[in-house]
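Peer 1: What follows is a protein structure lacking sequence information:
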């Protein structure tokens, strides 16, 4: 009787396995804003993800299964992101999700992934101070973008640093870390511009000058920068996000400041954003990312060509085909998919716990921006590049820092 | 900026003449430049040092061209040639001065940033003897602010050669700044006093450093006095600056809201699509810019005029869109303000989506013509040309509208219709026509505002949304139906925002202005100039 039951169970199990075999696909979620304010940036990531899936499927898929993308639209609406994440995990049962751009959307889906034990790859530079067992951050942590940029500026002989940003969590946290870092490097407080806010005990809780999203009047701030930089050797650390960069750089150029008097290093302007910026006002200013389209390597050439060929022949609705470029968040999405693929192959399973263990043990992938290696702390070791903006919207690479470790918790770690 | 461009052009054409009769003394400089561009990094470093010995203008042209992609390397018959671009498709060989047709085989060469910094020094050095006073001033400040001991004598021996008072003062100031570090104790004391006397902003940080480092009591006291003087001068400059910035912010507010002051204030139409007319103006500039770029080429003399053509084009396009909207939707809703609010809101969504379909969801980039970029430096303030142009244009719009409404018969008809439409039409005024034209004029002004915003900010499908709230605020505070009120309230709001900003920051500044407006409307619900018109309350 017992063996009979066992046999029936086995038969049922093989039936299930058989039906899975027949489909021969694995569902993978893509969770980005395809409408609303963030759509401009995030649709590029959807495009590159679909390209990556096609590329992997053409070479045999993952563990012999073809990737079946499930694309959902977060619509730049943070609570909707959480709903869509739940849909992906519970209804569609996706093995992994690639998605989110803003930190607030990530914070919104985080509890959903933790509750349902899902797996999310997050590809965009962020402020750190977070570590979820269900998220892998292929993104640049502060130590892989802001800190190397400051190191470079210090090496260039800069003595005064003006901090400016949009008023939300990423710029505020990044600037606070930078403030501590600059102090630890012996820069006196009065040489850090933009203003400080202290709480009642005198502890600095905010460093730098902040503007609302979409701010358009930078006259006073630029006048302040001009005063700040009058004595030379000054630079601006810019964490302004989105289109507020346009009035800022226009005002900056109109006031007679140049990249030689006072270079601006921006953390939110990549090749993709550059398409809507006034090129001549940005020439000579700096950027810092873990990938530039101008990297001269066979891996990058292959990636850029592959993506552009894919754009030509794709029939996915809503894909813009003209003037497309590649940028860091796109490559970090691409790297994320490949890291996941390698981890799945190492684990021999799509099971989230097994894939996580494989990723934590250190998986390496030779991506367009050089080799990336996943770490135990869910971040990724990768190379950092400092680039200078050219009039054609590309960056000329000035400095490469190899294999920078990704460390999310930096606040309070720098001591004088 | 314009001047430097003209000078550059002159330089290049002069260069053409010079190089065609390459003289004996500049061949050495040419050889050096070729070595500089083609050499290894060691050779380059040596070449930079050697360049200091030459004073040829070609050095500057090549070095600045190297920065902006005008220098390229051509390999022909196994030999490398260095070319300088002198115009569209025109190149000359730096070594021989002959013009060369590279046939598209040239590869653009760029200086490494580190090298460029050193080259910048060479150019500064050359500029110290430049014929352009502005160049000399810029160069001497750079050398002075670097506080390098080597430059003290270089600057000192050139002071007396300067005829221009302004240049002389700049040389003196730079020397004093350099002496703060490199001078004897007496020289330092004298430099501190001098710099305090002329209230030198550039010197402030250097005096502060000196004060911290020195132990000489006398010097510390002098430094304190100088710092106090400079600080108070800086405070005043900031104050004047805030007033100018307030004027320009006010002008932006005025331009975006004046059209609304007419359509909402005078005509009583709550037009939520006002912001989209601003966007239409902005996109018109973008389109006109594209035409000029393809007709004349970016950066050419003809291209520079695109903005002059774009202004009336923006006005007309937006006015036309206004006529369409008035004829198709608004004329049926004159007595129903709430319905017009909903209908125009719908129209605004439609226009935004149309723009997205035509131009894409991303912002488009509009560049300022050369004559609008750059700034005047006066009394420590920098006033950018496009801001000045904006202020001037705002005044023009106020005055023009006033003339139109008060000195023309059309204006008389408008005022009559706005006061009492039935009475006006019974006296023979074609009120439908007047309505249409007035709405078109208001929309046209919004288009003009969009054209100006393209010079200082973004052009995108949602650019109107950011301005619509501000526009309504200005009109309500000014008093619905009163154009002078709108002018005053926009200037007032701009001023308050800018004067508060240095103390409480841009975020709190904006919030405070909103709070002040709420309080103000509690006490004066009709705005600054409450007036009776055919507006909401009838």
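Peer 2: It's in. As the structure is a prediction and not an experimental result, all values here were calculated from the model. Numbering: from 1, shown residues only, chains lettered A, B, ... in the order given.
Peer 1: C-alpha from now on. contacts and neighbour counts both.
Peer 2: OK.
Peer 1: Chain B versus residue A:236, what's the distance?
Peer 2: Distance of residue A:236 to chain B, given as CA to the nearest CA, to the nearest Å: 17 Å.
Peer 1: Tell me which helix or strand residue B:187 sits in.
Peer 2: Using DSSP states H and E, residue B:187 falls within helix B:185-197.
Peer 1: chain center to that helix: distance?
Peer 2: The chain centre lies 37 Å from the centre of helix B:185-197; the measure is CA atoms, centre = their mean, to the nearest Å.
Peer 1: Kindly report the same for stretch A:213-225.
Peer 2: Computed by CA atoms, centre = their mean, the chain-centroid distance of stretch A:213-225 equals 26 Å.
Peer 1: and that stretch with chain B, contact?
Peer 2: Yes. Contact of stretch A:213-225 with chain B (CA under 8 Å from any CA of the partner chain) involves A:214, A:216-217, A:219-220, A:223.
Peer 1: So what would you say the end-to-end distance of that stretch is?
Peer 2: End-to-end distance of stretch A:213-225 (CA to CA, to the nearest Å): 20 Å.
Peer 1: Taking the stretch 401-538 of chain B, what residue is nearest to chain A?
Peer 2: Residue nearest to chain A within the stretch 401-538 of chain B: residue B:457 (4.3 Å; CA to the nearest CA).
Peer 1: and chain B, which of its residues are near chain A?
Peer 2: Checking chain B against chain A by CA under 8 Å from any CA, the hits are B:112-113, B:145-146, B:201-206, B:242, B:245, B:249, B:361-367, B:373-375, B:382-386, B:455-458, B:466, B:498, B:501-502, B:505-507.
Peer 1: For the residue of the stretch 401-538 of chain B closest to chain A, which non-adjacent residue is closest in space?
Peer 2: residue A:247 (4.3 Å; CA to CA, 6 or more residues apart in numbering or on different chains).
Peer 1: mean confidence for the one helix or strand the one you found maps to?
Peer 2: Using DSSP H and E, residue A:247 falls within helix A:245-254. Mean per-residue pLDDT for helix A:245-254: 88.
Peer 1: Can you list the helices and strands that that helix packs against?
Peer 2: On a contact count with 3 or more CA pairs under 8 Å, 6 or more residues apart in numbering or on different chains; DSSP states H and E, helix A:245-254 meets helix A:219-228, helix A:279-282, helix B:431-456.
Peer 1: Can you add mean pLDDT and give those helices back as CSV?
Peer 2: As requested, the helices and strands packed on helix A:245-254 are exported to CSV (pLDDT from 0 to 100):
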stretch, mean pLDDT
helix A:219-228, 90
helix A:279-282, 81
helix B:431-456, 92
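Peer 1: Go through the ones you listed and name the closest to residue B:482.
Peer 2: helix B:431-456 (13.9 Å; CA to CA).
Peer 1: next SSE after the closest one?
Peer 2: Using DSSP H and E, the first helix or strand after helix B:431-456 is helix B:465-478.
Peer 1: can you list contacts of that following helix?
Peer 2: The contact list for helix B:465-478, computed with CA atoms under 8 Å, 6 or more residues apart in numbering or on different chains, reads A:214, B:253-254, B:256-258, B:260-261, B:265, B:272, B:274-276, B:484-490, B:493, B:517, B:521, B:526-529.
Peer 1: Which among the residues you listed count as buried?
Peer 2: A:214, B:253-254, B:256-258, B:260-261, B:265, B:272, B:274-276, B:484-490, B:493, B:517, B:526-529 (16 or more other CA atoms under 10 Å in any protein chain shown).
Peer 1: Can you tell me which of these end up in helices?
Peer 2: B:253-254, B:256-258, B:260, B:274-276, B:484-490, B:493, B:517 (DSSP state H).
Peer 1: For the residue of the stretch 151-300 of chain A found nearest chain B, list the residues it contacts.
Peer 2: For the stretch 151-300 of chain A, the residue closest to chain B is residue A:247, as judged by CA to the nearest CA, at 4.3 Å. Residues near residue A:247 by CA under 8 Å, 6+ apart: A:216-218, B:456-458.
Peer 1: Need these in JSON lines (columns: distance to residue B:38).
Peer 2: Output for the contacts of residue A:247, formatted as JSON lines (distance: CA to CA, whole Å):
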{"residue": "A:216", "distance to residue B:38": "45"}
{"residue": "A:217", "distance to residue B:38": "45"}
{"residue": "A:218", "distance to residue B:38": "42"}
{"residue": "B:456", "distance to residue B:38": "41"}
{"residue": "B:457", "distance to residue B:38": "41"}
{"residue": "B:458", "distance to residue B:38": "41"}
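Peer 1: Pull the most distant pair out of the residues you listed.
Peer 2: A:218 and B:458 (12.9 Å).
Peer 1: Contact partners for the residue located most distally from the centre of chain B?
Peer 2: In chain B, counting by CA atoms, centre = their mean, residue B:426 sits farthest out from the average C-alpha position, at 50.8 Å. Residues near residue B:426 by CA under 8 Å, 6+ apart: none.
Peer 1: Kindly check the end-to-end length of stretch A:72-89 for me.
Peer 2: One end of stretch A:72-89 to the other measures 12 Å (CA to CA).
Peer 1: And chain B, is that stretch touching that?
Peer 2: No. When contact is scored as CA under 8 Å from any CA, no part of stretch A:72-89 falls within range of chain B; the minimum is 13.8 Å.
Peer 1: So for that stretch, mean pLDDT?
Peer 2: Stretch A:72-89 comes out at a mean pLDDT of 93.
Peer 1: re the thing from before, buried ones in the helix holding residue B:187, by neighbour count?
Peer 2: In helix B:185-197, counting by 16+ other CA under 10 Å, buried: B:188-196.
Peer 1: From the residues you listed, pick the one nearest residue A:52.
Peer 2: residue B:195 (62.7 Å).
Peer 1: and that closest one, what does it touch?
Peer 2: By CA under 8 Å, 6+ apart, the neighbours of residue B:195 are B:173, B:176-177, B:203, B:226.
Peer 1: Tell me the gap between the helix or strand following the helix holding residue B:187 and the middle of its chain.
Peer 2: Once helix B:185-197 ends, the next helix or strand along the chain (criterion: DSSP H and E) is helix B:204-213. Relative to the chain's own centre, helix B:204-213 is displaced by 33 Å; criterion: CA atoms, centre = their mean.
Peer 1: got it, and stretch A:223-233?
Peer 2: That offset, for stretch A:223-233, works out to 31 Å (CA atoms, centre = their mean).
Peer 1: pLDDT weak spots in the chain?
Peer 2: No chain was given, so I picked chain A. Chain A contains residues with pLDDT under 70 at A:1-23, A:416.
Peer 1: oops, I was thinking of chain B
Peer 2: For chain B, the ranges with pLDDT under 70 are B:1-25, B:55-56, B:68, B:113, B:379-380, B:531-538.
Peer 1: count of residues packed around residue 154?
Peer 2: Picking chain A for this. Residue A:154 has 18 neighbours, counted by other CA atoms under 10 Å in any protein chain shown.
Peer 1: looking at chain B here, not the other one
Peer 2: Residue B:154 is flanked by 15 other residues according to other CA under 10 Å.
Peer 1: Make sure it is indeed in a helix.
Peer 2: Yes. Counting by DSSP: H, G, I helix; E, B strand; the rest coil, residue B:154 is found in a helix.
Peer 1: what residues does the stretch 301-416 of chain A put near chain B?
Peer 2: By CA under 8 Å from any CA, the part of the stretch 301-416 of chain A that sits against chain B consists of residue A:398.
Peer 1: Give me the three-state assignment for the residue of the stretch 301-416 of chain A found nearest chain B.
Peer 2: Among the residues of the stretch 301-416 of chain A, residue A:398 lies nearest to chain B; the distance is 7.2 Å by CA to the nearest CA. Three-state call for residue A:398 (three-state DSSP): strand.
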